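*Asks:* Starting from these lines, generate the structure:
(2 chains)
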Amino acid sequence: EAAVTQSPRNKVTVTGGNVTLSCRQTNSHNYMYWYRQDTGHGLRLIHYSYGAGNLQIGDVPDGYKATRTTQEDFFLLLELASPSQTSLYFCASSDAQSNTEVFFGKGTRLTVV
Amino acid sequence: GDSVTQTEGLVTLTEGLPVMLNCTYQTIYSNPFLFWYVQHLNESPRLLLKSFTDNKRTEHQGFHATLHKSSSSFHLQKSSAQLSDSALYYCAPDSGYNKLTFGKGTVLLVSP
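*Replies:* Residues are numbered from 1 along each chain as shown, chains lettered A, B, ... in the order given. Predicted coordinates for the structure are as follows:
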């Protein structure tokens, strides 16, 4: 079973604060993704990566940075958090072959007050 | 970019009735893969079924869908809804490089 582990699972921060969400996958997958999930918007892709050191811009990247330090680790950075970034964040991974399954972590619930 | 239109919002059904969740998509790729993901309450999304072949029915866990490239549709169906089918369902084309574009999702609520 593919494994994607996110930390922390819950986070509360203040407006203007600095937040890092972590994700580790042990699937030997090339692709990793960060999504946010909001009622009425579904799952939206923030950033993704196809390998260590690579970063691709997703569909809603504003206000977010990301870094892929190793094949296993993908981080999402919010340097000046805003209340609009309150959301459920999912990390996911998939193999390099097209049309393979994307495996999701359990999610991180972020609240910006 | 790619886009997906799903049945809006909430679909409520009585157990035993058929399920039909609509999905139409737009993509620049002539041969996209289409996926349905399901997310139960307080869980992560997981793959329900996928298809690449035009006009071929794909089945999994009692659900089925047929990709129709001529109409850019990939509707999800089930002959008889169960209480355990209550969940959030996402349709998504693979726009290449494993980059899934999810729709807004459809909540299916099945009642006794």
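*Asks:* Can you check the pLDDT for residue 22?
*Replies:* You didn't say which chain, so I picked chain A. Here, the pLDDT recorded for A:S22 equals 98.
*Asks:* could you do chain B instead?
*Replies:* Turning to B:N22, the model gives it a pLDDT of 96.
*Asks:* Strands of the chain, start to end?
*Replies:* Just going to use chain A. Secondary structure of chain A (DSSP state E): strands at A:4-7, A:10-13, A:19-25, A:31-38, A:42-49, A:56-57, A:65-68, A:73-78, A:87-94, A:103-104, A:108-112.
*Asks:* wrong one, I was asking about chain B
*Replies:* With strands called from DSSP E, chain B shows them at B:3-6, B:10-14, B:19-21, B:23-26, B:33-39, B:46-51, B:57-60, B:63-66, B:76-78, B:87-94, B:106-111.
*Asks:* can you list these in JSON lines and add mean neighbour count and distance to chain A?
*Replies:* Quick note: C-beta positions are derived from backbone N, CA and C, even for glycine. Converted to JSON lines, the strands of chain B look like this (neighbours: other Cβ atoms under 10 Å in any protein chain shown; distance: least, Cβ to the nearest Cβ, whole Å):
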{"stretch": "strand B:3-6", "mean neighbour count": "18", "distance to chain A": "8"}
{"stretch": "strand B:10-14", "mean neighbour count": "13", "distance to chain A": "11"}
{"stretch": "strand B:19-21", "mean neighbour count": "18", "distance to chain A": "13"}
{"stretch": "strand B:23-26", "mean neighbour count": "19", "distance to chain A": "12"}
{"stretch": "strand B:33-39", "mean neighbour count": "23", "distance to chain A": "4"}
{"stretch": "strand B:46-51", "mean neighbour count": "18", "distance to chain A": "5"}
{"stretch": "strand B:57-60", "mean neighbour count": "13", "distance to chain A": "12"}
{"stretch": "strand B:63-66", "mean neighbour count": "20", "distance to chain A": "15"}
{"stretch": "strand B:76-78", "mean neighbour count": "20", "distance to chain A": "15"}
{"stretch": "strand B:87-94", "mean neighbour count": "25", "distance to chain A": "6"}
{"stretch": "strand B:106-111", "mean neighbour count": "17", "distance to chain A": "9"}
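*Asks:* and A:L55, which of those strands is closest to it?
*Replies:* Proximity to A:L55, assessed across those by Cβ to Cβ, is greatest for strand B:87-94 (19.9 Å).
*Asks:* who touches the helix or strand bottoming out on mean pLDDT in chain B?
*Replies:* The weakest-scoring helix or strand in chain B, judged by mean pLDDT, DSSP states H and E, is strand B:3-6 (a mean of 92). Strand B:3-6 has contacts (Cβ atoms under 8 Å, 6 or more residues apart in numbering or on different chains) with B:21-26, B:89-93, B:101-106.
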